[in-house]
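S.K.: here is a sequence together with a model predicted from it:
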Amino acid sequence: MKTPLSSLETRLLLACASALLIACLGPAVAQYDHYHAFADQRVWWGIPHAMDVLSNIPFAVGGIWGLVQLWRHRLARSAQRYLSALFFLGLVVTALCSSVYHWQPGDGGLVFDRLGIVLAFAGLLGLALADRVSDRAGLAMMAVVLVCGPYAVGVWVFSGNLLPWAVLQGGGMLLLLCLAWCPPAAETWGIRLGTVIVVYSLAKLLELGDHSVFAWTGGWVSGHSLKHALAALAAWPVLVAMRPQKPVHNGPRSRRAALPALAWRITLFAIFSIAACANRMCATALFGIRK
Ligand SMILES: [Zn+2]
């Protein structure tokens, strides 16, 4: 017998439908002209844009580490296992695709870079939903991202409209923020999604300040290189949560037990808001909105 949709699942469905409408009917957004002009152009050992290429190594390390842990300990229920395997595999693919892109930055390489991100993003969003809502919500979200991600990249390639990709990324992070507020579902890992949000928001700020960070550090390291290293830390809360000795959550925490987390949540929301505002200001300054 089919279990009817829970209220959380219904709200998730409505949110996805709204995001789809915005992506399809919203104003077209163009990628800014100098997108590929990264601050750090240094060549080391024959590697062009060496720091932006080599700073992808932490993605590969996090991904391989996670896959080895999954394989060695046969952790978790099947849905969590598949989704986390996809997430860690996505990190390894992201490391490869992003290195290829940064070797010779251009639209062609950026297609591969974004497709690699789709894999990791599908795994992460699916895992977060399986952790906070239900396995089927997690698996459904994984399928949605695996279909809509390449479609959004395709729309950008063939029409130049970046809006569907922006909605996928922004909507996904907003969903993670909402899920960070929810208590873990019964018998799940209880992943600290707030840490993922903080890491991602800081990485986004560094990406936007690529040239400024390069200037501030006297040409030592650029914002984009630091963004790679920091974004790879998104694997850390998942790796910590899936430790074999870690007890699974037995259900939602009581309201009283959740109160001490309020300060942390307010801080989290503030950091996310700052990153979102900075992103918005840069998008206004850098993107041309076409009619
Ligand atoms: Zn990059």
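M.R.: Ah, there it is.
S.K.: which residues in the stretch 101-250 of the chain form helices?
M.R.: Along the stretch 101-250 of the chain, the segments classed as helices by DSSP state H, counting those that start in this stretch run 107-132, 135-159, 163-181, 193-208, 210-216, 223-231, 235-241.
S.K.: got these as CSV, with mean neighbour count columns?
M.R.: The way it works is simple: take the backbone N, C-alpha and C, and place the C-beta from them, glycine included. As requested, these are exported to CSV (neighbours: other C-beta atoms under 10 Å):
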stretch, mean neighbour count
helix 107-132, 23
helix 135-159, 18
helix 163-181, 20
helix 193-208, 22
helix 210-216, 17
helix 223-231, 23
helix 235-241, 20
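S.K.: so which of the ones you listed comes closest to residue 63?
M.R.: The closest of the helices of the stretch 101-250 of the chain to residue 63 is helix 235-241. By C-beta to C-beta, the value is 6.9 Å.
S.K.: export the helices of the stretch 101-250 of the chain as JSON lines, with columns for distance to residue 16 and mean pLDDT.
M.R.: Listed next are the helices of the stretch 101-250 of the chain as JSON lines, based on distance: least, C-beta to C-beta, whole Å; pLDDT from 0 to 100:
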{"stretch": "helix 107-132", "distance to residue 16": "11", "mean pLDDT": "90"}
{"stretch": "helix 135-159", "distance to residue 16": "6", "mean pLDDT": "90"}
{"stretch": "helix 163-181", "distance to residue 16": "8", "mean pLDDT": "87"}
{"stretch": "helix 193-208", "distance to residue 16": "18", "mean pLDDT": "84"}
{"stretch": "helix 210-216", "distance to residue 16": "32", "mean pLDDT": "86"}
{"stretch": "helix 223-231", "distance to residue 16": "24", "mean pLDDT": "89"}
{"stretch": "helix 235-241", "distance to residue 16": "23", "mean pLDDT": "82"}
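S.K.: make TSV out of those and add distance to residue 14.
M.R.: Below are the helices of the stretch 101-250 of the chain laid out as TSV (distance: least, C-beta to C-beta, whole Å):
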stretch	distance to residue 14
helix 107-132	15
helix 135-159	13
helix 163-181	12
helix 193-208	21
helix 210-216	36
helix 223-231	29
helix 235-241	27
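S.K.: what's the closest of those to residue 7?
M.R.: Set against residue 7 and scored by C-beta to C-beta, these come closest in helix 135-159, at 11.9 Å.
S.K.: state the distance from the residue positioned nearest the centre of the chain to residue 127.
M.R.: In the chain, the residue lying closest to the centroid (C-alpha atoms, centre = their mean) is residue 121, at 5.0 Å. From residue 121 over to residue 127 the distance is 11 Å, taken as C-beta to C-beta, to the nearest Å.
S.K.: residue 140 now?
M.R.: Distance, residue 140 to residue 127, using C-beta to C-beta: 13 Å.
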